[in-house]
Every structure is written in C-alpha cells, then in structure tokens.
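A.B. asks: Give me coordinates for this.
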Amino acid sequence: MTPGAQSLDQRFAGAMGDLLGPDFPSDIALAVSGGGDSMAMLTLAHNWAHVWGTRLWVVTIDHGLRPEAAQEAALVRETCAELGHPHATLRWHRDGTGNVMAEARAARLALIDRWRGGLRHVLMAHTRDDVAETFLMRLRRGSGVDGLAAMAPRRVVAQQVDVPGEITGDAPPTAPRDGGYEVLRPCLSMRRAELRHYLSVLKGRWVDDPSNDDDRFERVRMRRLLADLDAQGLGADCLADTAQRMARSREALARRAADIWERIGVEPQVNGVPTGEIVIDRDGLAPVERETQLRLLAAALQYVASADYRPRADALEAALDRLLSGGSTTLHGCELRCERARIRVFREYSAVAGHLVQMGPRAVWDGRWRLENAALEGLCIRALGEDGWRQVAVKPDVAPPFVSARSLPSVWDGEELIACPAMGVGPACFVALRPANGAAPDFRNFLLSH
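C.D. replies: Residues are numbered from 1 along each chain as shown. I've put the predicted structure just below:
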C-alpha cells in the first residue's frame, strides 16, 4: 500500500514502528506548541498510544518571546486534560544576549532535558514542508550535501547544560539524566495540509502563530516562495525528495570519512583517560579528496567544542588550507595546530577559562565532561590553566602539550589542584559525554551520526 493510500493514523503507526518497534517504551514525551502540526501529532499519538498502551507526557515550551505563548500553552494543557495525558509548561528566561532564534532552539532542548526525568524519547512534529523549507534556506546560503540533506527521523541530543527557566505542571518520574535523549520525528512523510485536514475532520483545536505570516523571518519567505515554485514543478514534495537523496549521499560520505579516520586519526588518552583532543596525521590527510578533508575537520571541531552545528564553509576551507600548509588557527571554539606531521584539534583555552562548575551529582562541565566520582562532590571543576600546569609535579610522557593541556577539565579545592586525570593527577573522575545511538562516545561514531 502506498503512503498516499494509507490513513494518517496508519502512517503514524508505521513511522513509530520504524523508530521504536517492536518493543515500545512504556512512556514517551511529546513536544507540542499548540500549532496545527503539533496538535495533529498529539491526536495521532493519542490514538496510537491507546492501541499500544504507551503513556504520553506532553510538554509545551514558552520561550517568553510573544504574549500569546501563555494562551497557546493553556490550549495544549486543556486538550491534554480532555485526552487524559499529563502536561507541563517550560518557560525560558532569556538573558538577552546572542542570536535569539539560535538561543531559543538551544534553550528548548535544554529545558526538555531538565524536565524529562527518565524519559528517553521526545516526539516533535516536523513535516515534509519543514524539510522543503529548510532545503531552500540552506540552498540560499550555499550549503553542500550536509546542509541540503533532509533532517533525520531520529536525532541524538547530548545531555544539556541547564538554562534559566521554570517548570509548571506534570513531570515524569525523576532519574539520572545519563547520556541525553532522542528526538523522534514521526511526521516527516506528512504534509502540513494533511495534518491540519486530519485535525479539522476530528474537530480538533489549534492556534496559528502570527509570526508565521511575518516576512521578517526567512522561513516565512521560503514558505511563500514554495507556493510559487510548486507551479513550476519545484514544490515541497520535489524539494523534500531531493533532500532525502542528499541524506543518502551524506551517509555514504560519512562512512568514507569514518574509514579514513580509522587510518589517519587518533583520540589521545593518558592511562585510559581521554584528553578530549583529536589528532590527525597531516601527511595522511593531504592526499584525501577535499570533501572528506572538510568533513573530518568540521566533525573534529564540533566534537571537541560540543557544538550543535558545523562552522561556516568559508571559514572551514580557510582553516584547512592553513593547516595543510603547516600553519595554525582558531575556529569554532577550538585551536588547530600543525605539529610537524600531525594536526592537533583541542578546546581553545579562552573559550573555557572562566567556566566554573560546582561539583555535584552528575555535574557537567563545558557541555562535555561529566563528574563520575562522588568523593569529589562539593569541589569545583574548571580548566587546568597555567596555575594547574605548574602544580603537576611529574608530567606523563604521553600527556598533552602545555598549549592544549590548559583547557583540560580539572578539580580544584580553592587554589589547590585535586585532580586532572589526563595529566595523571588524582583519581579518574570524568566521563566524556558524546552519545551516539547508544554506542560508546568516540569520534568514529560521531562521524557516522553527523
């Protein structure tokens, strides 16, 4: 049976089976904004959960950017009460700095991570139209295969650093936030119009965000452009299909990069403790095709800096040229140094120098390093720095050089260095956070999943 001949309920059930079957979890979260797409997903999930016996936990994010957001959250809460599902509203308190849209996306993931308790899966209502709109936005920016590839039905979200905000309503049972969670997109094969028609037939309610008609937003302009392109055979379905083909190409390129990494790269360790660096053989990298060189370098920067996105293409190209010619540079919160025959990528000291975290259960430093030693709770995590380097009496032969060692995570009691495992000081106390589909956190898995 073709997708067009199936009901939306059947297609939703098929997508959930592909994403989570055959043994479904007992509890799943849904992020529901109150818009037509997410309210339709809530109804689809309600019908599906009734059959499979899965409990739904619904969450609405109020970014505090529009006065209507509180009313939209109330609509979702009322609908959940009618359907019999617990609901919570997460309200973000923005500090007023940085790019508001990028900050809002990051805050959304962080607030959900803080709220979700032991839940491992969060459904989001991205549609085929979202795929096409994103394709156009990235095409306009000159993106390559990675940028033009369709968003994946499944995305691993690393454990997040808490952001200011408040939680009201129902919360899932608490559990250690160990290893992050997964965003699942079961509506990617569905058109926005299909979802709204489905909701209308069932007399469901939703709200239209007024910003969806505001031409100041790039996505709104792309949405209107799609309507014009459709008449020329270049509408949402055509672009979404192209994005899916790009996703297949991205997978093949990622496997090529992972194979090259196996031959020319290493993640340094000291006594079994990762240093958080990436080291690549420059002579081995030089003859590799340009696309794979850029892919390896971009992934290394994301991995070391715990960044959600790749650096800009022009900056990445310039950094690669500089490294291959024997130079050094900084990019994406990292330093990149050519050391004779090796390229070393490590966290830029200035990016972490002022980052202090009080030790506590599951404390996370720099979005990447988690404390795993209860005996050290109550102390402070910060970068090793020059003062820490001076306190390391005997430096292991395989320890990182001074320039990269400064940004290593370390434990302090006031001005006294207590532990820096990568420098052979104190007990092992950190675990690198880098979940990749449940596998051990290593760079090869990161390459394959990004």
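A.B. asks: Mind giving me the packing neighbours of the host helix or strand of residue 448?
C.D. replies: Per DSSP states H and E, residue 448 falls inside helix 443-449. Contact here means 3 or more CB pairs under 8 Å, 6 or more residues apart in numbering; DSSP states H and E; on that basis helix 443-449 packs against helix 236-264, helix 290-305. C-beta coordinates here come from the backbone N, C-alpha and C atoms, glycine included.
A.B. asks: can you put those in TSV and add mean pLDDT and distance to residue 110?
C.D. replies: Shown next, in TSV, are the helices and strands packed on helix 443-449 (pLDDT from 0 to 100; distance: least, CB to CB, whole Å):
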stretch	mean pLDDT	distance to residue 110
helix 236-264	95	26
helix 290-305	95	17
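A.B. asks: JSON lines please, covering those and showing mean neighbour count and distance to residue 348.
C.D. replies: Converted to JSON lines, these look like this (neighbours: other CB atoms under 10 Å; distance: least, CB to CB, whole Å):
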{"stretch": "helix 236-264", "mean neighbour count": "17", "distance to residue 348": "22"}
{"stretch": "helix 290-305", "mean neighbour count": "22", "distance to residue 348": "8"}
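A.B. asks: Using a markdown table, lay out those together with distance to residue 379.
C.D. replies: Putting the helices and strands packed on helix 443-449 into a markdown table (distance: least, CB to CB, whole Å) gives the following:
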| stretch | distance to residue 379 |
| --- | --- |
| helix 236-264 | 36 |
| helix 290-305 | 25 |
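A.B. asks: ok, back up a step: please write out the alpha-carbon positions of the helix holding residue 448 in PDB.
C.D. replies: Output in PDB follows, covering the C-alpha atoms of helix 443-449 (Å, rounded to 0.1, in the frame of the first residue of the first chain):
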ATOM      1  CA  PHE A 443      34.800  10.100  17.300                       C
ATOM      2  CA  ARG A 444      34.100   7.400  14.700                       C
ATOM      3  CA  ASN A 445      30.500   7.100  15.900                       C
ATOM      4  CA  PHE A 446      30.200  10.800  15.900                       C
ATOM      5  CA  LEU A 447      31.300  11.000  12.300                       C
ATOM      6  CA  LEU A 448      28.800   8.400  11.300                       C
ATOM      7  CA  SER A 449      25.900  10.100  13.200                       C
END
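A.B. asks: what does it contact?
C.D. replies: By CB atoms under 8 Å, 6 or more residues apart in numbering, the residues outside helix 443-449 that reach it are 156, 254-255, 257-258, 261-262, 265, 267, 278, 295-296, 299-300, 302-303, 434, 436-437, 439.
A.B. asks: and it, what's its mean pLDDT?
C.D. replies: Helix 443-449 shows a mean pLDDT of 87.
A.B. asks: Relative to the whole chain's centre, how far out is it?
C.D. replies: 14 Å (CA atoms, centre = their mean, to the nearest Å).
A.B. asks: remind me, longest strand of this protein?
C.D. replies: Counting by DSSP state E, the longest strand found in the chain is strand 55-62.
A.B. asks: show me where pLDDT drops low in the stretch 101-250 of the chain?
C.D. replies: 161, 176-179 (pLDDT under 70).
A.B. asks: Just list the residues touching the residue positioned nearest the centre of the chain, thanks.
C.D. replies: Residue closest to the average C-alpha location in the chain (CA atoms, centre = their mean): residue 157, at 4.4 Å. Contacts for residue 157 (CB under 8 Å, 6+ apart) come out as 109, 113, 180, 181, 182, 183.
A.B. asks: ok, now residue 407?
C.D. replies: 346, 347, 348, 349, 351, 352, 353, 383, 384.
A.B. asks: ok so, going back, does the residue nearest to the centre of the chain have beta-bridge partners, and which?
C.D. replies: Beta-bridge partners of residue 157, counted by DSSP bridges, are residue 181.
A.B. asks: For it, give its distance to residue 444.
C.D. replies: According to CB to CB, to the nearest Å, residue 157 and residue 444 sit 20 Å apart.
A.B. asks: Identify the residues contacting the nearest residue to residue 85 once chain neighbours are set aside.
C.D. replies: If the residues on either side of it in the chain are set aside, residue 85 comes closest to residue 56, at 4.7 Å by CB to CB, 6 or more residues apart in numbering. Residues near residue 56 by CB under 8 Å, 6+ apart: 27, 28, 29, 30, 42, 45, 46, 49, 85, 86.
A.B. asks: in terms of contact, does the second one touch residue 123 like I think?
C.D. replies: Yes. Contact criterion CB atoms under 8 Å: residue 28 and residue 123 qualify, at 6.5 Å.
A.B. asks: coming back round to it: need the next SSE after the longest strand of the chain, C-terminal direction.
C.D. replies: Counting by DSSP H and E, what follows strand 55-62 is helix 69-83.
A.B. asks: and the helix or strand following that following helix, average pLDDT?
C.D. replies: Once helix 69-83 ends, the next helix or strand along the chain (criterion: DSSP H and E) is strand 87-92. In this model, strand 87-92 has a mean pLDDT of 94.
A.B. asks: what element comes up after strand 87-92 heading to the C-terminus?
C.D. replies: Next along the chain after strand 87-92, taking DSSP H and E as the criterion, comes helix 100-115.
A.B. asks: elements contacting that next one?
C.D. replies: strand 27-31, strand 55-62, strand 87-92, strand 165-169.
A.B. asks: Report the buried residues of that helix.
C.D. replies: Applying a neighbour-count criterion of 16 or more other CB atoms under 10 Å, one finds 103, 106, 107, 108, 109, 110, 111, 112, 113, 114, 115 buried in helix 100-115.
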